[in-house]
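Chemist: from the sequence below, what's the structure:
(one chain, ligands or ions: 1)
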Amino acid sequence: MKRLLLAGGGHAHVGVLERFAREPLADVDVTLVSPFARQVYSGMLPGWIAGHYALEECVIALAPLAQAAGARLHLAHVARLDLQNRIAYTEAAEAIPFDVLSLDTGPVIDPDAIPGLAQHAIPLRPIEALIAQWQRLLAHFAEAASGQTVTVIGGGAGGVELALAIAHRAQTVPCALRVQLVAGRAGLLPSLTHTVRARLRRLIDARGVRLIEDDAVEIGRHTVLLADGGELTSDATIVAIGAAAAPWFGASGLATDEAGFVAVNEYLQSTSHPFVFAAGDCATMLAHRRPKSGVYAVRAGAPLARNLRRALAGRPLVRYRPQKRALYLLSAGDKYAVASWGPWSAEGAWVWRWKDRIDRRFIARYARPPVVNRAVAAG
Ligand SMILES: Cc1cc2nc3c(=O)[nH]c(=O)nc-3n(C[C@H](O)[C@H](O)[C@H](O)COP(=O)(O)OP(=O)(O)OC[C@H]3O[C@@H](n4cnc5c(N)ncnc54)[C@H](O)[C@@H]3O)c2cc1C
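Modeler: Numbering: from 1, shown residues only. Coordinates of the predicted model:
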């Protein structure tokens, strides 16, 4: 029997599992390795921080999804690959042999990106750690006798949404909280259009978030140093800087792009090891580079499932070309959001309701995995 190892329960792999649940793989032993038994949907994380959702509404339970797909869930963190012998090793040095490996382990925050980050800041990832820290912070802020300052470092979509969500939560708790966003010298949302940037800039201002368009160069216990020499006071610093690659991809001998992400071809297959597939933020399709975003990770689910099925059966793979544009819906703290699609943009409470519907539908799809009579399906 062939062994398929799915590393990470990210956006692409939940799609793969859902497809395997609907159409089971015959004679394949499937293992899903994930450090957590649930996948927090990052698109709804700002809404949870803002207080619009309970945490249970924002998570996909991996155990029932894996079970429906006929897969075993193994709670662990892949730390190393022996590609010659096709074995993945966990952090606890357990060996998991495989015939075909698929990676969807997402990005990491580089702990060395800013001096002091590892000691004094709360990184956005792993998201489970951020969730635990945010719950502690919120309790602390609500009890604090004097006003507190939270700094979010990172001017991309994640950082902007987080800063606005925190500012909104501070009003509803209520607590005396100042929020500042250190967006970097490249400025706010550098990959989006001028109009979208202007919309968010206005909303950030209207919601009382202080915007600093400079680089953070050092994080202290209660400070953030800026490239221009300025020093900010900060009681809590959250780092939402861009996605970095996990170092174990390159260290294992997998071909990577210049930033260390797994290099894949149009079949979502490693350019160096054909029995390894990768999708989502951990991978870069060399022929069609796209921004690292959840939209592309979700879209990769269907072609990845198809090609894993074909690879395991020894059949020819099918090419996949990701769409050129993605719809971004950025929440602004309260139930208001900005939409961006290529040169088009819009904003309003209706955009937030639109995003809410899309996000809830995404979660619902995996919350009730299809029930398949496996004996019949396999026969
Ligand atoms: C606050 C915030 C808001 C965002 N909003 C949007 C949005 O609205 N739209 C959008 O398109 N994008 C958004 N993004 C970006 C989006 O979150 C990422 O692009 C997306 O999560 C990438 O999906 P993925 O499947 O590659 O990885 P992930 O979603 O990160 O999933 C990876 C999984 O792998 C697991 N894992 C990690 N390491 C290992 C390991 N070594 N072994 C086993 N398992 C491992 C992790 O626990 C995780 O469950 C947002 C990001 C943030 C932080």
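Chemist: so which residues of the stretch 151-300 of the chain form helices?
Modeler: Taking DSSP state H, counting those that start in this stretch, the helices of the stretch 151-300 of the chain run over residues 157-172, 194-206, 248-251, 294-299.
Chemist: and what of the stretch 1-150 of the chain?
Modeler: With DSSP H, counting those that start in this stretch as the definition, the stretch 1-150 of the chain shows helices at residue ranges 11-22, 45-50, 62-68, 117-120, 127-143.
Chemist: enumerate the residues of the stretch 51-200 of the chain near the ligand.
Modeler: Within reach of the ligand by Cβ under 6 Å from any ligand atom, the stretch 51-200 of the chain has these residues: 77-78, 104-106, 124, 126, 157-158, 161-162. Where C-beta positions appear, they are placed from N, C-alpha and C, glycine not excepted.
Chemist: just give me the closest of these to the ligand.
Modeler: Set against the ligand, the nearest of those by Cβ to the nearest ligand atom is residue 106 (2.3 Å).
Chemist: the closest one against residue 282, yeah?
Modeler: Yes - in this structure residue 106 lies within contact range of residue 282 using Cβ atoms under 8 Å: 5.9 Å.
Chemist: mind listing the shared neighbours of those two?
Modeler: With contacts defined as Cβ atoms under 8 Å, 6 or more residues apart in numbering, the residues shared by residue 106 and residue 282 are 8, 10.
Chemist: quick one, which of those two is more surrounded?
Modeler: A count of neighbours by other Cβ atoms under 10 Å puts residue 282 above the other of residue 106 and residue 282, at 26 against 23.
Chemist: what separates that one from residue 7, distance-wise?
Modeler: Distance of residue 282 to residue 7, given as Cβ to Cβ, to the nearest Å: 9 Å.
Chemist: name the residues contacting each of these two.
Modeler: If you check residue 282 and residue 7 against Cβ under 8 Å, 6+ apart, the residues they both contact are 103-105.
Chemist: output these as JSON lines; include the columns neighbour count and pLDDT.
Modeler: Rendered in JSON lines, the data for the shared contacts of residue 282 and residue 7 read as follows (neighbours: other Cβ atoms under 10 Å; pLDDT from 0 to 100):
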{"residue": "103", "neighbour count": "29", "pLDDT": "98"}
{"residue": "104", "neighbour count": "28", "pLDDT": "98"}
{"residue": "105", "neighbour count": "26", "pLDDT": "98"}
